[in-house]
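Engineer: only geometry, no sequence info:
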């Protein structure tokens, strides 16, 4: 508190009054007007400095110090209020601008149909207690052929136009059955495993075949197993993927790694059995092969073929994708076709 020309000034009361007035200010313009009242040429603080000049020397110095402190504290209050108002103003500006924006997140991509189908199949099999495993795409002759009952002189090798990286031992795997041989060699039964992945064969692409393709291998090894278990698994899988009305058939077929062997077909999803270029006028499309694991394959993995039995199946995964999404040409799956949409009716993981 100080006295200037018989005017009692209480700096604390003055600051308190300033705080109250600042609390009522809601805009920068109002703040400027209030600032002029206190710090303008005719403002309250400036007037005090003018009146100090009329005081005696000793008193002038003492009161000037108090008024300077008052000015310092007053300016600080204005600065804090200005910062608050500018922050609020920026937020309001953003809100006004945001009102014009579309809050829907733009769709910039989605999972490839092959990936979606793999995840659907993974979900089905993991719910049945299967494990998911992977293996190398660059494989050895031993695991790709020999351990699958296809020795070097076996005529079945002529059925697969192999892409060798370094003859005769290193190649791009021709089938995901090679993962099965590695799992059998490194894990003790009982086993329930599926293995999705790429395979490679030197084939001329057409509507239903490609030199890069995907397979979905699965196998079960237990003390008691039969073809009935295999047929039940395949039937269940088709119905889960394509609905209860799906039409399938089983045929006797030869595969070196199984005995007996079966092929399973699905009524052509493109022509509904009438016959078209995709199904080669047969009305059916081969979707995979399966059978009881050959005793020689078990022995190569050091599994007791008398104690352990197993079945194995391989799905032509690309064809399962085509059937799921009604795609008429396998070549478009690897052709950068951005027209394939996310399949929203499936809860895939």
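Structural biologist: Good, I have the coordinates. Please read all numbers here as calculations on a predicted model, not as lab measurements.
Engineer: count of neighbours near residue 290?
Structural biologist: By other Cβ atoms under 10 Å, 25 other residues sit near residue 290. Quick note: C-beta positions are derived from backbone N, CA and C, even for glycine.
Engineer: make that residue 266, sorry
Structural biologist: Residue 266, neighbours per other Cβ under 10 Å, totals 21.
Engineer: The one 10 residues further on too?
Structural biologist: Residues within reach of residue 276, counting by other Cβ under 10 Å, total 17.
Engineer: Over to the nearest residue to it once chain neighbours are set aside. Which of the three states is it?
Structural biologist: Nearest non-adjacent residue to residue 276, counting by Cβ to Cβ, 6 or more residues apart in numbering: residue 270, 5.3 Å away. Under the three-state scheme (DSSP: H, G, I helix; E, B strand; the rest coil), residue 270 adopts coil.
Engineer: Count the neighbours of residue 270 for me.
Structural biologist: 20.
Engineer: which residues touch it?
Structural biologist: 276, 278, 279, 326, 328 (Cβ atoms under 8 Å, 6 or more residues apart in numbering).
Engineer: shaky segments in the stretch 151-300 of the chain?
Structural biologist: For the stretch 151-300 of the chain, no stretch has pLDDT under 70.
Engineer: Show me where it has its strands.
Structural biologist: For the stretch 151-300 of the chain, applying DSSP state E, counting those that start in this stretch gives strands covering 164-166, 170-172, 191-200, 212-222, 248-252, 258-267, 284-293.
Engineer: could those strands go into TSV alongside distance to residue 137?
Structural biologist: Output for those, formatted as TSV (distance: least, Cβ to Cβ, whole Å):
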stretch	distance to residue 137
strand 164-166	10
strand 170-172	6
strand 191-200	6
strand 212-222	10
strand 248-252	30
strand 258-267	23
strand 284-293	20
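Engineer: Quick check, residue 289 in contact with residue 254.
Structural biologist: No - using Cβ atoms under 8 Å, residue 289 makes no contact with residue 254, being 9.3 Å away.
Engineer: All the strands of the stretch 1-150 of the chain, residue numbers only.
Structural biologist: Under DSSP E, counting those that start in this stretch, the stretch 1-150 of the chain gives strands at 2-4, 7-9, 131-132, 138-140.
Engineer: Could you identify which of those has the lowest mean pLDDT?
Structural biologist: Lowest mean pLDDT of the strands of the stretch 1-150 of the chain: strand 2-4, a mean of 55.
Engineer: Once you drop chain neighbours, what's closest to residue 287?
Structural biologist: residue 266 (4.9 Å).
Engineer: list the contacts for the one you found?
Structural biologist: Contacts of residue 266 by Cβ under 8 Å, 6+ apart are 238, 242, 246, 247, 248, 284, 285, 287, 323.
Engineer: next one: stretch 278-292 to chain centre, how far?
Structural biologist: A distance of 32 Å separates the centroid of the chain from that of stretch 278-292, by Cα atoms, centre = their mean, to the nearest Å.
Engineer: ok, back up a step: could you dump the contacts of residue 270 to CSV with distance to residue 137?
Structural biologist: CSV is the format used below for those (distance: Cβ to Cβ, whole Å):
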residue, distance to residue 137
276, 33
278, 27
279, 29
326, 29
328, 28
